[in-house]
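Participant: Fold the following.
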Amino acid sequence: MNDLDRIADRIVSSEAEELILVDSGDRMLGHLSKAACHDGEGVLHRAFSLFLFNAAGELLLQQRSEAKRLWPGFWSNSCCSHPRRGETLEIATRRRLEDELNVAAKLEYAYKFEYRADFGARGAEHELCHVFLGRLDDPPEPNGSEISAIRYIGAEDLDREFEARLSRSRFTPWFRLEWQTLREHHAARLDAYLRPAG
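Facilitator: Residues are numbered from 1 along each chain as shown. Got it, this is the predicted structure:
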């Protein structure tokens, strides 16, 4: 393994890192470890979800690493994570883009929402999630400790995949919710990214 391989697969997250607890109005209540936030039915915490598009207007998808505690091996949107204790969303999104994909992107806030999703005995997500859109100028270099694979997909093809019978076992629940909301309630903003750049 060369130095580049070691950098590409570096460990960038820990179950011990402290996340930001919030109420349904996104007001900070305190902090709790990532592990504890996802135990049982989950504890509401702040999160973010990024939708990144290439110059052709295609969305970057990532397949979550098989080492993930929740939804391992599932396909999801470009990047999603949590601000850590003391981090703003701006700092956290920039850090995570570098950690997971080794890219930078100018992000546009779209909306935020609260959701909860169970993953059996392994735990649950209960998040107040901020959704952002952005354009990728550089090719991503996925971190193998976080991401098993990446691919690009057009909006209509993604809609068809979501409608397919087996799609529930292939995509993360937050990705499905966010894409539906973007398509139904933020279509004009989304369309700006679906059009080829230039």
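
Participant: contacting residues for residue 133?
Facilitator: If a contact means C-beta atoms under 8 Å, 6 or more residues apart in numbering, then residue 133 has 50-53, 107-108, 110, 182, 189-190, 193 as its contacts. C-betas here are computed from N, CA, C, even on glycine.

Participant: partners of it in the sheet?
Facilitator: Beta-bridge partners recorded for residue 133 (DSSP bridges): residue 51, residue 108.

Participant: Mind giving me the PyMOL command for buried ones among the contacts of residue 133?
Facilitator: Selection of buried members from those for PyMOL, criterion 16 or more other C-beta atoms under 10 Å:
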select buried, resi 50+51+52+53+107+110+182+190+193
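
Participant: can I get the contacts of residue 133 in TSV with pLDDT?
Facilitator: Below are those laid out as TSV (pLDDT from 0 to 100):
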residue	pLDDT
50	98
51	98
52	98
53	98
107	98
108	98
110	98
182	98
189	96
190	97
193	97
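
Participant: From the contacts of residue 133, pick the one nearest residue 163.
Facilitator: residue 182 (15.9 Å; C-beta to C-beta).

Participant: measure the residue nearest in space to the middle of the chain to residue 119 for me?
Facilitator: The centroid of the chain falls nearest to residue 80 when counting by C-alpha atoms, centre = their mean (1.9 Å). Distance, residue 80 to residue 119, by C-beta to C-beta, to the nearest Å: 15 Å.

Participant: One more: residue 79?
Facilitator: According to C-beta to C-beta, residue 79 stands 19 Å off from residue 119.

Participant: can you give me the helices in the protein?
Facilitator: 3-8, 34-37, 89-101, 155-163, 173-185, 187-194 (DSSP state H).
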